[in-house]
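**Student:** Based on what follows, work out the 3D shape:
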Amino acid sequence: MENETIKIGDGDLPEEYFGSLLKYLKDDNITDIDYNGRELWVKDIYNVKEKVKEPDVTPEWVDTFTQHISDAVSKSFNKVENVLEAETKTLRITCVFDSVAMTGKAFCIRKTTLSPRVSYDIAIKEGYASKEVLNLLINCIWAKMNVIVCGMPGVGKTELAKFLFQAIPDSEKVITIEDNPELHYPEVKPNGDSIELRVDDNFDYSKAIKTCLRLNPDWMMLSEVRSVEAVHLIENWHTGVKGITTLHTDDVRKIPDRLLNMMPKLDAQRLENSVYDCLDIGLLLRKRMAPDGKKYRYIDQMCFFSRYNGENRCYPIVEEGMLVTEQIPEEKLKMLGREGIYDPFTCSPELLKKMKGEKNEENLLLSKL
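**Tutor:** Residues are numbered from 1 along each chain as shown. Take a look at the predicted model:
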């Protein structure tokens with residue numbers, strides 16, 4: 001029987017080349033596999049990290065393994081080309097040569113999933129968010145609101161975005177823009193209308209966002225807003241294209257300033273007004289330690305942004321994981337009302353069925369990476 005292979009770039013790598021790592025690659029509970037030049041560490045969906053003893057994973061084996069990766073992607077890996085990156089549909093591999101890694105040649109393998117790890121029922125059960133907050137979020141996506149999910153690295157921003165994707169009607173065209181494939185919209189929504197755009201040195205985020213507008217989208221999903229592309233994102237949202245994206249910050253109230261700091265300073269007031277006019281919702285994810293020693297993700301903050309009657313406002317709805325008010329800005333209620341949603345904290349049975357979807361709940365672990 002032929003050995004199974006893993007497709008990396010344009011090449012195919014036999015599974016046997018992964019040696020002792022293969023069992024971790026196939027374990028859905030493992031999210032990260034790291035070798036620091038001396039030791040092998042793995043991290044699971046509960047954010048529990050432990051050192052594992054694999055006698056086969058030696059510096060000599062790592063030399064051979066990284067050479068296989070190098071050959072598969074046709075990239076050099078040496079003292080000059082000292083960082084090697086490769087990916088599959090669900091793996092992101094980064095290797096660092098020992099000329100710059102003083103502890104020895106190192107690598108990191110980050111795993112993503114093709115389906116969301118976030119599910120409605122387990123979210124409520126595990127305290128990711130209350131039923132009212134989840135229903136409000138789902139209704140807001142159905143009402144075509146723009147969302148920025150923020151938080152520090154590793155809190156599950158992309159997983160929350162993938163969960164929210166399920167509230168988008170299949171007929172609405174979605175274009176994703178990423179440098180590394182993590183959103184997996186066609187797999188999350190196999191019956192949806194979508195295009196995946198990949199940025200690289202010749203096709204940067206700004207150009208991708210401009211191109212997106214010519215492809216007649218209803219939604220543009222930017223994996224992360226990091227730099228000057230912020231101004232093009234806001235310009236696209238001004239045209240009526242909707243979107244969900246992520247951002248690194250530790251408070252939803254800082255989102256407008258974070259965006260403005262990425263934009264040209266020629267007309268700061270106009271750009272600030274545009275941010276509040278186009279951005280509807282800010283979400284902040286955090287991790288909490290449970291009594292069992294495991295770390296769980298949860299929605300720590302949610303707010304509505306609004307520019308109404310010439311005034312820019314931020315309306316906190318969730319603070320420290322708790323719903324603090326049911327007062328929703330008037331213009332957001334109008335957006336919900338146009339979609340027939342008059343009780344923002346209750347989902348219609350049809351929409352709830354859509355969110356719960358055809359999924360095996362036993363294999364979905366919400367609020368974890």
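**Student:** For this structure, give me the ranges with low pLDDT.
**Tutor:** Counting by pLDDT under 70, the chain shows low-confidence ranges at 1-3, 5, 9-11, 266, 268, 357-369.
**Student:** Strands of the stretch 151-300 of the chain, start to end?
**Tutor:** With DSSP state E, counting those that start in this stretch, the ranges of strands along the stretch 151-300 of the chain come out as 174-178, 194-198, 219-222, 242-247, 281-289, 295-308.
**Student:** can you pull the buried residues of the helix or strand following the last one?
**Tutor:** Which is strand 295-308. For strand 295-308, the following helix or strand on the C-terminal side (DSSP states H and E) is strand 311-319. Using 16 or more other C-beta atoms under 10 Å as the test for burial, strand 311-319 gives 317, 318. For glycine as for every other residue, the C-beta is placed from the backbone atoms N, C-alpha and C.
**Student:** Between strand 281-289 and strand 311-319, find me the angle.
**Tutor:** Angle, strand 311-319 to strand 281-289, by axes from the mean of the first three to the mean of the last three C-alpha atoms, to 10 degrees: 30 degrees.
**Student:** strands paired with strand 311-319, and their directions?
**Tutor:** Here strand 311-319 is paired, per DSSP bridges, with strand 295-308 (antiparallel), strand 322-323 (antiparallel).
**Student:** hey, C-alpha coordinates of the first one in CSV?
**Tutor:** Pointing back at strand 295-308 there. Below are the C-alpha coordinates for strand 295-308, written out as CSV (Å, rounded to 0.1, in the frame of the first residue of the first chain):
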residue,chain,number,x,y,z
LYS,A,295,-7.7,28.0,30.2
TYR,A,296,-10.9,28.8,28.4
ARG,A,297,-11.7,31.6,26.0
TYR,A,298,-14.6,34.0,26.5
ILE,A,299,-16.1,37.2,25.2
ASP,A,300,-14.9,39.8,27.7
GLN,A,301,-16.2,42.9,26.0
MET,A,302,-18.7,43.9,23.3
CYS,A,303,-19.6,47.4,22.2
PHE,A,304,-21.4,49.2,19.4
PHE,A,305,-19.7,52.1,17.6
SER,A,306,-21.9,54.9,16.2
ARG,A,307,-21.7,58.2,14.5
TYR,A,308,-25.1,59.7,15.0
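**Student:** Name the residues of stretch 185-196 that come out as buried.
**Tutor:** Buried residues in stretch 185-196, counted by 16+ other C-beta under 10 Å: 185, 186, 188, 189, 192, 193, 194.
**Student:** what's the answer for stretch 206-217, then?
**Tutor:** In stretch 206-217, counting by 16+ other C-beta under 10 Å, buried: 206, 208, 209, 212, 217.
**Student:** Now, those residues that are in helices?
**Tutor:** 206, 208, 209, 212 (DSSP state H).
**Student:** Quick check: the last one touching residue 197?
**Tutor:** Spelled out, that is residue 212. Yes. Residue 212 is in contact with residue 197 according to C-beta atoms under 8 Å; the separation is 6.8 Å.
**Student:** Give me the common contacts of those two.
**Tutor:** Counting by C-beta atoms under 8 Å, 6 or more residues apart in numbering, the contacts common to residue 212 and residue 197 are 175, 177.
**Student:** Report the contact partners of the residue lying closest to residue 158 once chain neighbours are set aside.
**Tutor:** Spatial nearest neighbour of residue 158, excluding adjacent residues (C-beta to C-beta, 6 or more residues apart in numbering): residue 182 at 5.1 Å. By C-beta under 8 Å, 6+ apart, residue 182 lies in contact with 112, 158, 223.
**Student:** Which ones among those residues lie within helices?
**Tutor:** Those of the contacts of residue 182 lying in helices (DSSP H): residue 158.
**Student:** Throw the contacts of residue 182 into JSON lines and include distance to residue 258 and neighbour count, thanks.
**Tutor:** Formatted as JSON lines, the contacts of residue 182 follow (distance: C-beta to C-beta, whole Å; neighbours: other C-beta atoms under 10 Å):
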{"residue": "112", "distance to residue 258": "24", "neighbour count": "21"}
{"residue": "158", "distance to residue 258": "18", "neighbour count": "21"}
{"residue": "223", "distance to residue 258": "16", "neighbour count": "21"}
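**Student:** Can you get me a residue count around residue 102?
**Tutor:** By the criterion of other C-beta atoms under 10 Å, residue 102 has 8 neighbours.
**Student:** ditto for residue 53
**Tutor:** Residue 53 has 8 nearby residues by other C-beta under 10 Å.
**Student:** That one and residue 93, how far apart?
**Tutor:** Distance, residue 53 to residue 93, using C-beta to C-beta, to the nearest Å: 22 Å.
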